[in-house]
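Student: Need a 3D model of the sequence below.
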Amino acid sequence: MTNGFDAEFGGILHSAREVLPEASVLRLEGKLRQIRAERPDLDVPEVVKMAFDVFDGEAVDARIALEEAGARVDEAAAAEAAHAASVGRIKERTYELDCLESQYPGRATMAEVLADAGISWAYLGLSEEDGNLVEEIRRGMR
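Tutor: As a prediction, the model looks like this:
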């Protein structure tokens with residue numbers, strides 16, 4: 001089979017070596033061998049065309065995967081920025097939160113402290129998500 005393959009595709013691979021890096025030629029050779037093994041009924045130009053069609057499809061798949069990965073990175077960066085902004089808002093309100101907590105000792109959560117004080121997270125300039133983070137931070141400090 002190798003002799004037949006070399007006879008059929010040797011010239012194509014030789015030409016490819018003149019313009020492509022060796023790794024690309026080896027990849028092309030592997031794809032040509034795979035297609036020839038799977039479809040011995042195809043003639044040489046059809047096998048070559050099919051190999052390049054497969055490479056084009058793989059390039060599209062890689063581009064899509066790269067775009068999806070970029071979107072995930074962007075989402076993670078946005079989430080990190082939102083978290084950092086939340087931490088910043090909480091730091092700005094630490095004094096008020098500490099004062100409230102000292103006025104209402106024994107409460108299990110800051111939400112209970114705020115409820116007993118008759119104020120909301122929004123009154124302190126914090127969102128509900130900020131409040132959840134406050135609870136996480138305070139639990140970690142205990």
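Student: Need phi/psi at Arg39.
Tutor: phi -130, psi 70 (degrees, to the nearest 10).
Student: Could you tell me how far Gly88 is located from Gly140?
Tutor: For Gly88, the distance to Gly140 equals 18 Å [C-beta to C-beta, to the nearest Å]. Any C-beta I mention is one placed from the backbone N, CA and C, and that applies to glycine too.
Student: Look at these two and report which has more neighbours.
Tutor: Gly88 (11 against 7; other C-beta atoms under 10 Å).
Student: Next up, the contacts around Phe5.
Tutor: By C-beta atoms under 8 Å, 6 or more residues apart in numbering, the residues touching Phe5 are 32-33, 36.
Student: switch the cut-off to 7 Å
Tutor: 33, 36 (C-beta atoms under 7 Å, 6 or more residues apart in numbering).
Student: where does it land in three-state SS?
Tutor: helix (DSSP: H, G, I helix; E, B strand; the rest coil).
Student: The nearest residue to Val87 once chain neighbours are set aside - how many residues pack around it?
Tutor: With sequence-adjacent residues excluded and distances taken as C-beta to C-beta, 6 or more residues apart in numbering, Val87 is closest to Leu133, at 7.1 Å. The number of residues packed near Leu133 is 17, by other C-beta under 10 Å.
Student: Relative to Arg139, how far out is Leu133?
Tutor: 11 Å.
Student: Next: Phe52.
Tutor: Applying C-beta to C-beta to Phe52 and Arg139 gives a distance of 59 Å.
Student: same deal with Ala85?
Tutor: Distance from Ala85 to Arg139, by C-beta to C-beta: 21 Å.
Student: Could I get the buried residue list for the helix or strand of the chain with the lowest mean pLDDT?
Tutor: Ranking every helix and strand in the chain by mean pLDDT, DSSP states H and E puts helix 2-19 at the bottom, with a mean of 82. Buried residues in helix 2-19, counted by 16 or more other C-beta atoms under 10 Å: 9, 12-13, 16.
Student: Dump these into a markdown table; add distance to Ile119 as well.
Tutor: Below are the buried residues of helix 2-19 laid out as a markdown table (distance: C-beta to C-beta, whole Å):
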| residue | distance to Ile119 |
| --- | --- |
| Phe9 | 78 |
| Ile12 | 77 |
| Leu13 | 77 |
| Ala16 | 73 |
